[in-house]
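*Asks:* A structural model of the following input is requested.
(one chain, ligands or ions: 1)
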Amino acid sequence: MAKIGINLVTGSLQKDEIIVGIDLGTTNSLVAIIHPETKKPIVLKEHDESSLVPSVIYFDEYGNPVVGSAAKAYLETAPERTIFSAKRLMGKTYRDLGNASLFSYKIIDDNTDSLVKVKVDDRFYSPIELSSFILKELKLRAEHILKTPVTKAVITVPAYFNDAQRQATRDAGKLAGIDVLRIVNEPTAASLAYGMGVGKSDDVQTIAVYDLGGGTFDISILRIVDGVFEVLSTNGDTYLGGDDFDKCIVQHWAEQHKITFEELSANKILTQGLRLKAEAAKKYLSDSDIYEDELNGLSLILTKGEFELLIEPLVSKTIDCCNKALKDAGLNKSEIDNVVMVGGSTRVPLVKHSVSEYFDRKVNDSVNPDEVVALGAAIQADILAGNNKEVLLLDITPLSLGIETAGGLMDVLIPRNAKIPSKASRQYTTQIDGQSGMRISVFQGERDLVKDNRKLAEFNLTNIPGMPAGLPKVEVGFLINADGILTVTAKELRSGVEQRIEVKPQYGLTDDQIEKMLMDSITFAKEDILQRALAEARTEGEQLLKTTENFLQKNSALIYNDELLQTAAGMQALQLAITMEDKNLIQRKIEELNDISRPYAERIMDQAISKAMAGKKI
Ligand code: AMP
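*Replies:* Got it, this is the predicted structure:
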């Protein structure tokens, strides 16, 4: 059997084609490449601009996106149409999100398991679309600087990103016209930038990557064996970073000048002014001992000692996370060989000092902490281009493998470029009451609709015992062994009914065919993602119609006539919208129907609860 390896990807590269490394950050994003002459990684920037592109998108009244510093200016003046932190929404459902009120723009919150969407005017955007706007801007900038088309990239994600979040990042790349050759963990990229894992070594190395940015903190414990990076554990706080340092300073100055919390809340201009000064003070104190300035006659003074006292509790919190991560990895501090510092806030001397003291060793901080992840991504890109032979790369899958789900959609279980051997599983359920069989169709390819991919196999899981729709738990497992043979299993977990089939995923596909499938996935990316969004909106709409109908049948006596009439009209409108090709229209009709049924659904639930509780003591 032909081994599938990285050469397939390399073989598809044109001579001298550039693969860029992209750090798609929560606050800022940036692009890096390997310099063609020095062979060293460098970040891309226009002469007079910063390499950091704020991950902020402003939509003008016509829905045109503006990305980067120009968009950041609108955070204060047009918060409802300026999207920040889209990365926090990637691959998340409303339920995952917990508190949507932390965002100043509108997140459609219907407390369900469907993926979140952001609403600006009457348009709905998925986090994938939002991230694609940022990636497109990065691509354009890179093309402008390099004066050559940029179509291939390695993109980094946090180590804790799950499959759905990684897939979402990959899709965002596709939508931006980028072929994402690999998704790399941010701590892995940072370690690569320090030369770790490069060069042949039998030594096992254990690395702690401490990443404190503007709004998030991550600690990852990695192990490198033979050039292969493995994440042993991760920990952190998704709402802790340099912005909190700034807030501490603002509070300190406000107290000094007897400005109350209410006054601060009411005076947005003063608060914003103080916040900017606070950030300036913090940065200044990274190299100096005292900061002195003023704002509208208020004297603003801060010593390094005062600043350190203010942020000490926050820094301690990060050290607690390090402790937990080590514990989860089953390691002692002394077993860590290297500590790598990532993120702008690791420039704060107290942070550096505390981390160094905790791990009892000197930390690696010589590479710019804002750039280190992008630089590592560029190194990974260079390895994929076949230019760096010192890093061992495992055999990988040349195309994604998945199964067909509702609406003819491709649900990827093992993404393209996954290491071989590889294993993945996911649970599915039935759509119809009493459904006794489930057809499992296995596909290979990058397109969102299975009809555009290549079918590898199909089998039926039969004899599922009769259960209401949604109750059976069918676990579909994919296992690719070291020879590249895929085994697919399907097991209904409640009854234990099981089926399996063996497939040779790459059988019959030449390198050229694989190449074509990859190119098609980029050419049709926009169309595909629109189709996927439409199919998902239709499925969501159909499910809502079904649940509403069931609810009406069971509770008709408790619903008022005008409510019934409104619901019928809402259902009809949704039914009609489903037949059309406009996902925004379907989303709007879903929202409208939810708005109609929510009051009586809540009333009936409350009544049911009081009835159940009647006569019972709590
Ligand atoms: P990142 O999310 O990695 O871009 O980190 C941005 C954070 O780093 C922001 O909170 C910045 O205020 C902070 N930062 C940048 N430069 C410095 C510096 N010299 N000293 C302290 N904090 C800094």
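
*Asks:* For the closest residue in space to V66 that isn't next to it in sequence, give the beta-bridge partners.
*Replies:* Leaving aside its sequence neighbours, V66 sits nearest to Y58 (CB to CB, 6 or more residues apart in numbering; 4.6 Å). Every residue, glycine included, has its C-beta placed from N, CA and C. Here Y58 sits in beta bridges with V66, T82, going by DSSP bridges.

*Asks:* Would you confirm that Y58 contacts N64?
*Replies:* No - in this structure Y58 lies outside contact range of N64 using CB atoms under 8 Å: 9.2 Å.

*Asks:* Between those two, which is the more surrounded one?
*Replies:* Y58 (22 against 8; other CB atoms under 10 Å).

*Asks:* distance of the more buried one from T238?
*Replies:* Distance, Y58 to T238, using CB to CB, to the nearest Å: 24 Å.

*Asks:* swap in N64?
*Replies:* From N64 to T238 the distance is 30 Å (CB to CB).

*Asks:* A469 now?
*Replies:* 35 Å.

*Asks:* repeat for K277
*Replies:* Counting by CB to CB, the gap from K277 to T238 is 27 Å.

*Asks:* Looking only at neighbour counts, state which of those two leads.
*Replies:* K277 (21 against 14).

*Asks:* is the ligand contacted by the helix or strand containing that one?
*Replies:* K277 is part of helix 268-285 when elements are defined by DSSP states H and E. Yes - shown here: helix 268-285 in contact with the ligand (CB under 6 Å from any ligand atom) through E279, K282, K283.

*Asks:* list the contacts for the closest residue to the first one other than its chain neighbours?
*Replies:* Nearest residue to E279 in three dimensions, chain neighbours excluded: D246, at 4.9 Å (CB to CB, 6+ apart). D246 is in contact with R275, A278, E279, K282, counting by CB atoms under 8 Å, 6 or more residues apart in numbering.

*Asks:* ok, the residue of the stretch 501-618 of the chain found nearest the ligand - contacts?
*Replies:* Of all residues in the stretch 501-618 of the chain, I529 sits closest to the ligand, at 27.7 Å by CB to the nearest ligand atom. I529 is in contact with I128, E129, D171, K174, L175, D448, counting by CB under 8 Å, 6+ apart.

*Asks:* now do T234
*Replies:* Counting by CB under 8 Å, 6+ apart, T234 touches P158, A159, Y160, D218, I219, S220, I221, A325.

*Asks:* can you pull the contacts of Y291?
*Replies:* Per CB under 8 Å, 6+ apart, neighbours of Y291: A280, A281, Y284, L285, L300, I301, L302, T303.

*Asks:* contacting residues for I224?
*Replies:* S191, M196, G197, V204, Q205, T206, I207, E230.

*Asks:* what does the chain put close to the ligand?
*Replies:* Taking CB under 6 Å from any ligand atom as the contact definition, the chain meets the ligand at 25, 27-28, 213-214, 241-243, 279, 282-283, 286, 343-345, 347-348, 370.

*Asks:* mind listing which of those are in strands?
*Replies:* Counting by DSSP state E, the members of these that fall within strands are N28.

*Asks:* Contacts for stretch 293-303 next, please.
*Replies:* 249, 252-253, 257, 270, 273-274, 277, 280-281, 285, 289-292.

*Asks:* Out of these, which comes closest to the ligand?
*Replies:* Closest approach to the ligand among those (CB to the nearest ligand atom): L285, at 7.6 Å.

*Asks:* Quick check: pLDDT value at the closest one.
*Replies:* pLDDT, L285: 98.

*Asks:* To what extent is it buried, counted in neighbours?
*Replies:* 23.

*Asks:* Kindly report the same for the one 10 residues further on.
*Replies:* Burial of L295 is recorded as 14 neighbouring residues (other CB under 10 Å).

*Asks:* For the helix or strand S356 falls within, name the packing helices and strands.
*Replies:* Using DSSP H and E, S356 maps to helix 349-359. Helix 349-359 sits against strand 205-212, helix 304-329, strand 338-342, with contacts defined as 3 or more CB pairs under 8 Å, 6 or more residues apart in numbering; DSSP states H and E.

*Asks:* in that helix, what counts as buried?
*Replies:* L350, V351, K352, S354, V355, S356, Y358, F359 (16 or more other CB atoms under 10 Å).

*Asks:* where along the stretch 401-550 of the chain do the helices fall?
*Replies:* 511-523, 525-555 (DSSP state H, counting those that start in this stretch).

*Asks:* Any idea which of those gets closest to I83?
*Replies:* helix 525-555 (17.2 Å; CB to CB).

*Asks:* Let me know the angle separating the closest one from helix 511-523.
*Replies:* 70 degrees (axes from the mean of the first three to the mean of the last three CA atoms, to 10 degrees).

*Asks:* So which residues of the stretch 101-250 of the chain form helices?
*Replies:* Remark: helices assigned in the stretch 101-250 of the chain by DSSP H, counting those that start in this stretch are 127-146, 163-175, 186-193, 242-256.

*Asks:* Comparing those helices, which stretch has the densest surroundings?
*Replies:* helix 186-193 (a mean of 28; mean count of other CB atoms under 10 Å).

*Asks:* what's the angle between that helix and strand 205-212?
*Replies:* 110 degrees.

*Asks:* who touches the residue of the stretch 301-450 of the chain found nearest the ligand in this structure?
*Replies:* Here the residue of the stretch 301-450 of the chain nearest the ligand is G344; by CB to the nearest ligand atom that distance is 2.2 Å. Counting by CB under 8 Å, 6+ apart, G344 touches G213, G214, G242, P369, D370.

*Asks:* Next secondary structure after whichever strand or helix holds M571?
*Replies:* Assigned by DSSP H and E, M571 belongs to helix 561-578. Counting by DSSP H and E, the next helix or strand C-terminal to helix 561-578 is helix 583-613.

*Asks:* May I see the buried residues of that following helix?
*Replies:* Within helix 583-613, the residues scored as buried using 16+ other CB under 10 Å are 583-594, 596-597, 600-601.

*Asks:* Now do the strands in the stretch 401-550 of the chain.
*Replies:* Taking DSSP state E, counting those that start in this stretch to define them, one finds strands in the stretch 401-550 of the chain at 401-405, 409-414, 422-428, 438-444, 454-461, 474-480, 486-492, 498-503.

*Asks:* Would you agree T429 is in contact with P472?
*Replies:* Yes - if you go by CB under 8 Å, T429 and P472 touch, sitting 5.6 Å apart.

*Asks:* The two: who's more crowded?
*Replies:* More crowded of T429 and P472, by other CB under 10 Å: P472, with 23 against 14.

*Asks:* low-scoring stretches of the chain, by residue?
*Replies:* 1-16, 98-102, 109-114, 199-202, 388-396, 482-484, 504-511, 615-618 (pLDDT under 70).

*Asks:* where does V150 fall, phi/psi-wise?
*Replies:* phi -120, psi 110 (degrees, to the nearest 10).

*Asks:* Contacts only, for the closest residue to it other than its chain neighbours.
*Replies:* Nearest residue to V150 in three dimensions, chain neighbours excluded: A142, at 4.6 Å (CB to CB, 6+ apart). Counting by CB under 8 Å, 6+ apart, A142 touches V20, V31, I33, L44, V150.

*Asks:* who's in contact with the last one?
*Replies:* Same thing as V150. Counting by CB under 8 Å, 6+ apart, V150 has contacts I18, V20, K139, A142, E143, I178.

*Asks:* So it versus A32, what's the distance?
*Replies:* 12 Å.

*Asks:* so what's E581 closest to, chain neighbours aside?
*Replies:* Counting by CB to CB, 6+ apart, L534 is the residue found nearest to E581 once chain neighbours are left out, at 6.6 Å.
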